[in-house]
Structures are given as C-alpha cells and as structure tokens.
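A.B. asks: Just to be clear, the model below is a prediction. Sequence and coordinates:
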Amino acid sequence: MDVKDNIAVKIMLIEECKRIQKETVDSSKAAMSEAQQALNDYGPNKDRYDSFRDQLIARRDMFSTQHQKALTEYNTLEKLDPKSENICVEFGAVVVTDKSRFFISISTGKICIDDDLYYAISPNVPLFKAMVGQCKGSEFEFNGLKQKILDIF
C-alpha cells in the first residue's frame, strides 16, 4: 500500500473506533441517568441504615465511573493523527503481521475495513507489550504464536 492508502485506512479505523466508543459513552450516560432517576424517585434516606438507598447510590456511581472511562477513551481517539507515520510499534500505529492486523489505540475489538480484519487493541494489553518497540521485519511471540511484522504505518 502507498502512503495515501495507509492514511485512508488509519482514518477509517479511527472513525470506526470513535463510532463504537460513542455508543459506549451514550449507553453509560443513559444508564447513569437512569440510576440517578431511580435514586431521585426513591427519595431521601428513610433511616440511618438505608441499605437500598446505598445500593442505588453505588449503582449510580458505578455507571458514572464507566461513563468517565468511556469519555476518556473517546478523547484519546480525538488526539490520534492519521497522518503521523509510525516506524515502530507504538500508540497510534497500524501493525500488519503475517497472521493479523492490529490498530494500537483503544480496545474496541474487531474492525473490518475494505474486507481486511483489524483488531483495535489498547497499549495496556499483554499483546501490545509483546510487540512494543518492534519495527518492520521484526518477529515477536505471544501465547506461543510467532508473528512477523510485515508493515507498520
């Protein structure tokens, strides 16, 4: 592939990750709002040891944490520059091996672009740690499977 094709693929990967992450942001916000509404409907403490109210608060806080994490990951995608050239495995790189294709960004799973399957993975996963810093032509091993890096962009 030439540079223009690489940039086009990276743009499509970023946009698809954003779409997937936006769904996560929206659903976590809706769940958080629903939990807050249930808390409002329940009303003030009935007594000092109101365990049901405590459960409602914990539920709302859990969804709030999920929403904040999803929002942070979405904002991380906003910072990616599809025109940046990567020569080694790092955040923002697309890595093509003899076995798979990876997009180092956030963990959104499988993404199909132009009939090619990519796996969007986070820099926090063990697979990334096995290949970080490697360059085109290098080999790495993960879970007993050796892979050769054919291209990075």
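C.D. replies: Ah, there it is.
A.B. asks: In this structure, spot the helix with the most residues.
C.D. replies: Longest helix of the chain, by residue count under DSSP state H: helix 3-42.
A.B. asks: quick check: mean pLDDT across it?
C.D. replies: Averaged over helix 3-42, pLDDT sits at 95.
A.B. asks: what do you get for stretch 70-86?
C.D. replies: The model assigns stretch 70-86 a mean pLDDT of 94.
A.B. asks: What's the end-to-end length of it?
C.D. replies: Stretch 70-86 has an end-to-end distance of 26 Å (criterion: Cα to Cα, to the nearest Å).
A.B. asks: So what does the residue minimising distance to the centre of the chain have for phi and psi?
C.D. replies: In the chain, the residue lying closest to the centroid (Cα atoms, centre = their mean) is residue 106, at 2.4 Å. Main-chain torsions, residue 106, degrees, to the nearest 10: phi -130, psi 160.
A.B. asks: just residue 54 next, same as before
C.D. replies: Torsion angles, degrees, to the nearest 10, at residue 54: phi -60, psi -40.
A.B. asks: residue at max distance from the center of this protein?
C.D. replies: residue 47 (42.3 Å).
A.B. asks: Pop the domain breakdown of this protein in here.
C.D. replies: 3-78, 94-152 (automatic domain parsing).
A.B. asks: and residue 86, which of the ones you listed is closest to it?
C.D. replies: Among those, the nearest to residue 86 by Cβ to Cβ is domain 94-152 (5.4 Å). From N, CA and C alone the C-beta is placed, and that goes for glycine too.
A.B. asks: Can you give me the end-to-end span of that closest one?
C.D. replies: The first and last residues of domain 94-152 sit 6 Å apart, counting by Cα to Cα.
A.B. asks: Start the count at 26 instead of 1 going forward.
C.D. replies: With 26 as the first residue, the last one maps to domain 119-177.
A.B. asks: Longest strand of this protein, counting residues only.
C.D. replies: Secondary structure of the chain per DSSP state E: the longest strand is strand 170-177.
A.B. asks: can you list contacts of that strand?
C.D. replies: 26, 111-114, 118-125, 156, 159-166 (Cβ atoms under 8 Å, 6 or more residues apart in numbering).
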